[in-house]
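Trainee: any chance you can model this:
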Amino acid sequence: MVSVITVNYNNTKVTCELLDSLQKISYPRLEVIVVDNASQEDPSGIINTQYPSVKVIRSQENRGFAGGNNLGIQAAQGSYLFLVNNDTEFTEGLIEGLLEVFTQFPDAGVASPKFHYFFHKGTIEYAGYHAVDMFTGRNSMIGCHEPDLGQYDAIKATPYAHGGAMMISREALAKVGLMPEVYFLYYEEFDWCEQFRRKGYKIYYQYKSLIYHKESMTTGKNSPLKTYYITRNRILFMRRNVQLPARLVFLLYFIFLTVPKNTLQFLLKREATHLKAFWRGIAWNMKNLRYEL
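Mentor: Predicted structure coming up:
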């Protein structure tokens, strides 16, 4: 059995669209769990009425991406757990292709499908990740914005799964543990993948499985919330996963290049809320030093 887990936050309509797409696939053994992260309106009534087989877990507080998914993981019964963003749409063969990875590769801990943009089908969002640069703290998705011409049609190991859709084996999860909740939003799947790799597991990209992604339906493409957590968690990820002296090089790069550049850009664009969010992200790390390696 595969447990499909998705987190809803003030976006019941989008979540229902995902559940509609689930009804169109033929894989027979699915458990579907929706975790509501303390939305203003409780979606339980709508979901229970329209999708009676779906289990709804209502959190009394917004626990973020990791915390919401962890609630679902703890309630799941499946041998494999498939964490998906609610702003995605399933395609036929998605589940079967991901399960094939675990059968074919005994060292697989996590597997992600190929991503296409929902509103630009045929255009790749994700076909694996490049590794995070240990000096700049940045990385990028392979194939992003390219037309899908089959150029990435090979199963391969990749540094990181896509947080919008990642299948985990229960066996690996038992050894690694839950997703790190300190991040709240962004970078948590990167940190989690690092933990899987430290336990000897690999992360795989499966080209045979395709999912469509509506992208940033919850946080917005360019919000102060996103600026805060991207800044805060970029630094936090490097502190937790990069050893000296590379971590020192990153800090010098961030202080002398990233900070002046971003500060100047926000000032020139008169984006005061983003500027405050950026500096709050830095300040959080200065106040929370206990999360070092």
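
Trainee: pretty sure residue 275 contacts residue 264?
Mentor: No. Here residue 275 lies out of contact with residue 264, judged by C-beta atoms under 8 Å, at a distance of 9.9 Å. Yep, even glycine has a C-beta here, placed from its N, CA and C like the rest.

Trainee: mind checking which of these two has more residues around it?
Mentor: Neighbours of residue 275 and residue 264, each counted by other C-beta atoms under 10 Å, are more numerous for residue 275; the result is 19 against 11.

Trainee: from residue 266, how far out is that one?
Mentor: Between residue 275 and residue 266 the distance is 4 Å, computed by C-beta to C-beta, to the nearest Å.

Trainee: could you do residue 116 as well?
Mentor: Taken as C-beta to C-beta, the spacing of residue 116 relative to residue 266 amounts to 32 Å.

Trainee: how about residue 171?
Mentor: Between residue 171 and residue 266 the distance is 46 Å, computed by C-beta to C-beta.

Trainee: what about these two, which has more around it?
Mentor: Neighbours per residue, other C-beta under 10 Å: of residue 171 and residue 266, the larger number sits with residue 266, 19 against 13.

Trainee: close enough to count as contact, that one and residue 279?
Mentor: No. Under the contact definition of C-beta under 8 Å, residue 266 does not touch residue 279, with a separation of 9.4 Å.

Trainee: now stretch 193-211: buried residues?
Mentor: Neighbour counts over stretch 193-211 (16 or more other C-beta atoms under 10 Å) mark 193-197, 201-211 as buried.

Trainee: those residues in strands, which ones?
Mentor: Counting by DSSP state E, the buried residues of stretch 193-211 place 202-211 in strands.

Trainee: which pair in those residues spans the largest distance?
Mentor: Of all pairs drawn from those, the one with the longest distance (C-beta to C-beta) is 202 and 210, at 21.1 Å.

Trainee: extract the CA atoms of the strand or helix carrying residue 72 and return them as PDB.
Mentor: Secondary structure here is read from DSSP states H and E; on that basis residue 72 sits in helix 64-75. Coordinates of the C-alpha atoms in helix 64-75 are reproduced here as PDB (Å, rounded to 0.1, in the frame of the first residue of the first chain):
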ATOM      1  CA  GLY A  64       4.600  24.400   8.400                       C
ATOM      2  CA  PHE A  65       5.600  22.100   5.500                       C
ATOM      3  CA  ALA A  66       7.600  19.600   7.600                       C
ATOM      4  CA  GLY A  67       5.400  19.600  10.600                       C
ATOM      5  CA  GLY A  68       2.200  19.100   8.500                       C
ATOM      6  CA  ASN A  69       3.800  16.200   6.600                       C
ATOM      7  CA  ASN A  70       5.100  14.600   9.700                       C
ATOM      8  CA  LEU A  71       1.500  14.500  11.100                       C
ATOM      9  CA  GLY A  72       0.500  12.600   8.000                       C
ATOM     10  CA  ILE A  73       3.500  10.300   8.200                       C
ATOM     11  CA  GLN A  74       2.800   9.400  11.800                       C
ATOM     12  CA  ALA A  75      -0.800   8.400  10.800                       C
END
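
Trainee: which helices and strands does the longest helix along the chain pack with?
Mentor: Once the chain is assigned using DSSP state H, the helix that runs over the most residues is helix 224-241. Counting contacts by 3 or more C-beta pairs under 8 Å, 6 or more residues apart in numbering; DSSP states H and E, helix 224-241 is packed against helix 188-198, helix 246-253, helix 272-287.
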